[in-house]
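**Student:** pasting the sequence and the predicted coordinates here, then a few questions.
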Amino acid sequence: MKDFSSASDSRAGTKTAPRERPTHLILLGFLAAATCYSGIFLRVRLESLFVSYKVAVSSLSFLVPERLHHIFQTRMRVVLLSVLGLCTGVFSQAGVVDSYIVKMSPIAKAGVLANIGPDGTRSSGAKPGVVIASPSTHDPDYLYTWTRDSSLVFKGIIDWYMRGQDNSLRGLIDDFVTTQTILQQVPNPSGNVSTGGLGEPKFLISLDAFTDGWGRPQRDGPALRSVALITYADWLIAHSNSSHVSKTIWPVVKLDLDYVANKWNISGFDLWEELSSASFFTSAVQHKALRQGVALAKNLGITSVVDNWTTQANNILCLMQTYWNPSELFITSNTQGGRSGKDANSALASIHTFDADAGCDAVTFQPCSDKALASLKVYVDSFRSEYGINKGISVNAAVATGRYTEDIYFGGNPWYLTTAAVSEQLYDALIVWKRQGSLSITSISLPFFRQFIPAVGTGTYTSSSKTYKTLINAIQNHADGFLAVNAKYTPVDGSLAEQYGREDGSPLSATHLTWSYAATLSAFAARKGATPISWGAKGLKAPAVCEDNPGPLVGATFNVVAQTIPGESIYLTGSVDQLKNWSPDNAVPLSAAGYPTWSVSLDLPASTNLEYKYIRKKDGAVTWESDPNNLLTTPDTGSFVVNDNWR
């Protein structure tokens, strides 16, 4: 090894000491790098590391003259302080998240339980097992119970119970089962239990129907409810309680999954309740629910539903592939409504269908799949310049995210639950990579990984490689970053609203949102490595040809008496796919052969509540019938005729 010679100092008459040998620089670099990447600065004082260095130097004393040790020790302190500066961003962020978890875990759990009747401190008037969305009663009024929110919340509670985190929750879970059994039978504007009422999105906390106007139906609710109940049922069976499952839980699950099997290909309103559209989130949870339902049926020795549910699950899995946008590398969350399709919908779907046994499977869009990661990057990047609070943040750092960039609700702001979902997807991905001891980069996921190593290439990197270790550490830090963003904008008392302001981060919209608390706890659990029970995603193959499942159909003839002027025509649109989901551009044209009666015949879903209106079109101008919407319940079989007058 070459020895560096002395050199003249700029000050006259003095000489500098010999420079450190490369061996020492390597040793210093090794110790510093090990410190930074292992997180030692969070646990070990700088002085203890310095002592470690002195021991290491002593063991190499044959390379280091004794008279130089004090120089190296001094410079070691300088180097370590420099490294500490470089690592500060990483470990101060990890420290923030650690502190946030310690503080928020009990607050968030209490926030969830406070919003469940009858004993929750913020749920006065709610029946046992009823989850209120929020205690807010004005601007906005969220004092209702949503099937979607309730099911996601109770899936989390069931997970806590199954993991042994809180053995006192059994009674609350049983209350939820009872409540959902009742709600399935409540007639509502979407129908009754056999005519589409299971798609009703929300109810009064007294378990009565909500009858005002709303975005209905919403077809993810029955799927999410069945997922929660099946998870509980599986635990009961494992603890020798199959008879209770057969008598109490199976009837509820069967109603929900028959609805899913018959309605999965009929559009409904998405999870944000604003678009009637095919929705990736809805399709993904419907697919998972049917797979779990098949497994439960087999476990109970029930064979009558297996073939149909399996067939429809395969059809949904085929449909799911069509949401992928291969040119722009993201999951198109909604197929209608004129939006970009870049939406938290896709990240939420990924985390709520996570199955660690499936690895990084792209067919089911697992969190670490190339498609899910690519889509996550596109979604996050869409918010980088959207909010004032994101300005000036590095292009590869965590930012606050919202539902979608076109959002105007309360001015369109970041949401706690969507930002937490980004963290959770990344934590889920880390769980799988660490479990399998490798990660793979494809041309699809390459932009995601190049946020962390700009020159990284495609290929598979094992846990022994530097690239793997660097990426794992960087992505862990990236995931922490999103929770750190939420932490920054969480009030001192830990209360979580629905949103926080895009310009100043102040809490907005509904206070004490149950879903915000539940999503925060879910992200915390993923950071600790918690994994949900496998639902059978491993090894699934999407059919090469997608098949439809229109379900039972009935023939319908619509007649409307309408006087028109030359060049004017009459069209029909309404709340189901066959009526073009309220689209005036794609509305169904009527024939004027029997003028002034205009007519059209078509097939509609049987046993379904629907709404419709007639519209006039002339030279691009559209005129709608006056309110309210026309209401109709289709029969179980046969055909029928509707006779109307324009109004």
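**Tutor:** Thanks, I have it.
**Student:** how close does the nearest residue to residue 195 once chain neighbours are set aside get to residue 142?
**Tutor:** By the measure of C-beta to C-beta, 6 or more residues apart in numbering, the closest residue to residue 195 outside its immediate chain neighbours is residue 607, 4.6 Å from it. Every residue, glycine included, has its C-beta placed from N, CA and C. Distance check for residue 607 against residue 142: by C-beta to C-beta, to the nearest Å, it reads 31 Å.
**Student:** tell me which element the spatially most central residue of the chain is part of?
**Tutor:** Centroid check for the chain by C-alpha atoms, centre = their mean gives residue 348 as the closest residue, at 1.0 Å. Assigned by DSSP states H and E, residue 348 belongs to helix 344-352.
**Student:** and that helix, how far out from the chain's middle?
**Tutor:** Helix 344-352 sits 3 Å away from the centroid of its parent chain (C-alpha atoms, centre = their mean, to the nearest Å).
**Student:** got it, and stretch 212-226?
**Tutor:** Averaged C-alpha coordinates place stretch 212-226 at 17 Å from its chain's average position (C-alpha atoms, centre = their mean).
**Student:** how about stretch 274-284?
**Tutor:** For stretch 274-284, the gap between its own C-alpha mean and the chain's C-alpha mean amounts to 13 Å (C-alpha atoms, centre = their mean).
**Student:** hmm, who's touching it?
**Tutor:** 215, 219-220, 223, 264, 267-271, 316, 319-320, 323, 331-337, 339, 345-346, 348-350, 352-353, 364-365, 409, 575, 581-582 (C-beta atoms under 8 Å, 6 or more residues apart in numbering).
**Student:** and stretch 568-582, by the same measure?
**Tutor:** Residues beyond stretch 568-582 that count as contacts (C-beta under 8 Å, 6+ apart) turn out to be 216-217, 265-267, 276-277, 336, 558, 560, 562, 564, 583-584, 586-590, 592, 598, 600, 602-605, 608, 610-618, 629-630, 646.
**Student:** where does this protein have low pLDDT?
**Tutor:** In the predicted model, the chain carries pLDDT under 70 at residues 1-92, 550.
**Student:** surely the residue nearest to residue 195 touches residue 632?
**Tutor:** No: taking contacts as C-beta atoms under 8 Å, residue 607 lies outside contact range of residue 632: 11.8 Å.
**Student:** returning to what we had before: looking at residue 607 and residue 142, which is more packed in?
**Tutor:** residue 142 (23 against 18; other C-beta atoms under 10 Å).
**Student:** pretty sure the more buried one contacts residue 122?
**Tutor:** No: counting by C-beta under 8 Å, residue 142 does not reach residue 122; the two are 11.2 Å apart.
**Student:** shared neighbours of the two, anything?
**Tutor:** In terms of C-beta under 8 Å, 6+ apart, residue 142 and residue 122 are both contacted by the residues 132, 135.
**Student:** tally of neighbours for the nearest residue to residue 442 once chain neighbours are set aside?
**Tutor:** Closest residue to residue 442 in three dimensions, ignoring its sequence neighbours and counting by C-beta to C-beta, 6+ apart: residue 370, at 4.4 Å. If you count neighbours by other C-beta under 10 Å, residue 370 ends up with 22.
**Student:** which ones are touching residue 370?
**Tutor:** Taking C-beta under 8 Å, 6+ apart, one finds 360, 362, 440-442, 444-445 in contact with residue 370.
**Student:** just name the closest of these to residue 393, please.
**Tutor:** Proximity of those to residue 393, judged by C-beta to C-beta, is greatest for residue 445, which lies at 22.5 Å.
**Student:** how close does that closest one get to residue 439?
**Tutor:** Distance of residue 445 to residue 439, computed by C-beta to C-beta: 9 Å.
**Student:** on that earlier part again, out of the contacts of residue 370, which is most surrounded?
**Tutor:** When neighbours are counted as other C-beta under 10 Å, the busiest of the contacts of residue 370 turns out to be residue 445, with 25 neighbours.
**Student:** which residue comes closest to it once chain neighbours are left out?
**Tutor:** Closest residue to residue 445 in three dimensions, ignoring its sequence neighbours and counting by C-beta to C-beta, 6+ apart: residue 370, at 3.7 Å.
**Student:** equivalent analysis for residue 604, please.
**Tutor:** Nearest residue to residue 604 in three dimensions, chain neighbours excluded: residue 556, at 4.8 Å (C-beta to C-beta, 6+ apart).
**Student:** now do the phi/psi pair for the one you found.
**Tutor:** For residue 556, the backbone dihedrals (degrees, to the nearest 10) come out as phi -130, psi 140.
**Student:** go on, the one 4 residues further on?
**Tutor:** Here the main-chain torsion angles of residue 560 (degrees, to the nearest 10) amount to phi -140, psi 130.
**Student:** report how many residues lie close to it.
**Tutor:** Here the number of neighbours of residue 560 (other C-beta under 10 Å) works out to 21.
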